[in-house]
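In: Need the 3D shape of this:
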Amino acid sequence: MTVPPMRRPIPLLFAALLLLAACQGGDRADGNLLPAQAEAGSVWQGDRSAAAERAHVVARDAAEWTALWARVGEPAPGVLPGGRMAVAVFLGPRDTAGYGVAIDRVQQAGAELVVGYRETVPGPAQAVAQSRTSPYAIRLLPSVAGTPKFVRGK
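Out: Numbering: from 1, shown residues only. Predicted coordinates:
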């Protein structure tokens, strides 16, 4: 019994590789290193951290990961996964509720790692609780080199 030769194996293999690459989270066509959808255990946000001041933090090793979570005021949710790093924004103390922060873009730009984030501020007519808050946002992403530059979006 003879098996017929495969027709066009190279284009089929190439198409399969493209499909596989499209399913990978980190390296998107728009240059954003964050996955299109947040993976479970890769995003943490809240309005109550132990941060006493505004801070931008990058954690690339175990010691930096532990120090980052000390700013949150909680133990780290496990070890920093291999091949990953974390970026974080802490807004520092606020006198009322209604403030927040989210990291929405991380791009490699030459020797810089540009971390884009946006802040939420309560409107003048918005009713907010009169309690001190200290918002934060943390994102895991593929480990890359670069000097971090945090940029506040509008």
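
In: how about the strands in the protein?
Out: For the chain, the strands defined by DSSP state E cover 43-46, 55-59, 84-90, 100-109, 112-120, 136-142, 147-152.

In: you'd agree A59 is up against L68?
Out: Yes: if you go by CB atoms under 8 Å, A59 and L68 touch, sitting 4.6 Å apart. From N, CA and C alone the C-beta is placed, and that goes for glycine too.

In: Determine the residues that are contacts of both of those two.
Out: A86, A88 (CB atoms under 8 Å, 6 or more residues apart in numbering).

In: so R139 touches N32, yeah?
Out: No: at 11.1 Å, R139 and N32 do not qualify as touching, with contact defined as CB under 8 Å.

In: Please say which of those two ends up with more neighbours.
Out: R139 (24 against 16; other CB atoms under 10 Å).

In: Need the pLDDT of that one.
Out: Here, the pLDDT recorded for R139 equals 96.

In: Looking at strand pairing, list the partners for it.
Out: V43, V87 (DSSP bridges).

In: picking that back up, dump the strands of the chain to a markdown table, plus distance to Q130.
Out: Below are these laid out as a markdown table (distance: least, CB to CB, whole Å):
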| stretch | distance to Q130 |
| --- | --- |
| strand 43-46 | 19 |
| strand 55-59 | 25 |
| strand 84-90 | 21 |
| strand 100-109 | 17 |
| strand 112-120 | 18 |
| strand 136-142 | 20 |
| strand 147-152 | 26 |
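
In: Please give me every residue in contact with the most centrally placed residue in the chain.
Out: Ranked by distance to the mean C-alpha position of the chain (CA atoms, centre = their mean), the top residue is R139 at 2.7 Å. Residues counted as contacts of R139 (CB under 8 Å, 6+ apart) are L34, A38, S42, V43, A86, V87, A88, I103, V106.

In: before we move on, what about M85?
Out: Counting by CB under 8 Å, 6+ apart, M85 has contacts V58, A59, R60, L140, L141, P142, S143, V144.

In: count of neighbours near the nearest residue to the fourth one once chain neighbours are set aside?
Out: Going back to what we said before, that points to L140. Of all residues not flanking L140 in the chain, S42 sits nearest, at 4.2 Å (CB to CB, 6 or more residues apart in numbering). Per other CB under 10 Å, the neighbour tally for S42 reads 17.

In: Model confidence at S42, what's the number?
Out: pLDDT, S42: 90.

In: you'd agree it is up against P142?
Out: No: using CB under 8 Å, S42 is not in contact with P142; the gap is 10.7 Å.
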